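> Just a sequence and a predicted model for now, questions to come.
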Amino acid sequence: MIPTVNQPTLAPPAIGTSLIFGTSKGAVAINVNHIVRIAASSSYSRLFFVNGKTMVVSKVLKWFEQQLAPGSFLRIHRGHLVNIQCISYYCAQQGKLMLNNNEWVAISRRKREICSDIAFALKDYMLDRDYFSKAYKAKLASQCSPA
């Protein structure tokens, strides 16, 4: 019989605080609050951060869904997970979300009702923030109905 060797593994981080990835340069810990969205690309995922940087990791979106705290990220499409705290605007007419980094992300038809409910719950939070100027809010309102 061949004895099995147990490889040392890192203990998983507490759900919702940080994620640890192995890279060619070593292990990297990432605070999940710094992630705006995660986009799928085959067997890889691209993380978009609040500072504008991106990172590609060899994990699928399902892995992220299992690791992240429930209610912190929302799967709005087969290929996108969005940080709920980074949603700035919901456009019901076009079925899109605007994120803090001014990116628009499409919502799948099957997920629109869930996104609408969440946007309605976050409505006061999104509209009361000083993130947008009054002129920009008016422009957004003319293009879409606010959440």
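Sure, I can see it. Residues are numbered from 1 along each chain as shown.
> helix/strand/coil for the spatially closest residue to Gly52 that is not a sequence neighbour?
What sits nearest to Gly52 in space, not counting adjacent residues and going by C-beta to C-beta, 6 or more residues apart in numbering, is Asn101, at 6.8 Å. The way it works is simple: take the backbone N, C-alpha and C, and place the C-beta from them, glycine included. The local conformation at Asn101, judged by DSSP: H, G, I helix; E, B strand; the rest coil, is coil.
> you'd agree Lys96 is up against Ala106?
Yes - using C-beta atoms under 8 Å, Lys96 makes contact with Ala106 at a distance of 5.5 Å.
> Of the two, give the one with the bigger neighbour count.
The neighbour comparison of Lys96 against Ala106 (other C-beta atoms under 10 Å) goes to Lys96, with 18 against 15.
> I'd like to check which residues are in contact with the more buried one.
Tyr90, Trp104, Val105, Ala106, Ile107, Cys144 (C-beta atoms under 8 Å, 6 or more residues apart in numbering).
> Okay, and the beta partners of it?
Judged by DSSP bridges, the bridge partners of Lys96 are Cys91, Ala106.
> now it: how far from Ile87?
Distance, Lys96 to Ile87, by C-beta to C-beta, to the nearest Å: 11 Å.
> Same question for Ile114.
12 Å.
> More neighbours: the two, which one.
Ile87 (24 against 14).
> Tell me how many other residues surround the residue nearest to the more buried one when sequence neighbours are not counted.
Excluding the flanking residues, the one nearest Ile87 by C-beta to C-beta, 6+ apart is Leu97, at 5.5 Å. Counted with other C-beta under 10 Å, residues neighbouring Leu97 total 26.
> Just the pLDDT at Leu97, thanks.
On the pLDDT scale, Leu97 is placed at 85.
> can you check Trp104 too?
Here, the pLDDT recorded for Trp104 equals 90.
> May I ask which helix or strand of the protein has the lowest mean pLDDT?
Least confident helix or strand, the chain: helix 123-128 with a mean of 54, by mean pLDDT, DSSP states H and E.
> how close does Gln67 sit to Phe73?
Gln67 sits 10 Å away from Phe73, going by C-beta to C-beta.
> who's more crowded, those two?
Each of Gln67 and Phe73 has its neighbours counted (other C-beta under 10 Å); Phe73 has more, 24 against 17.
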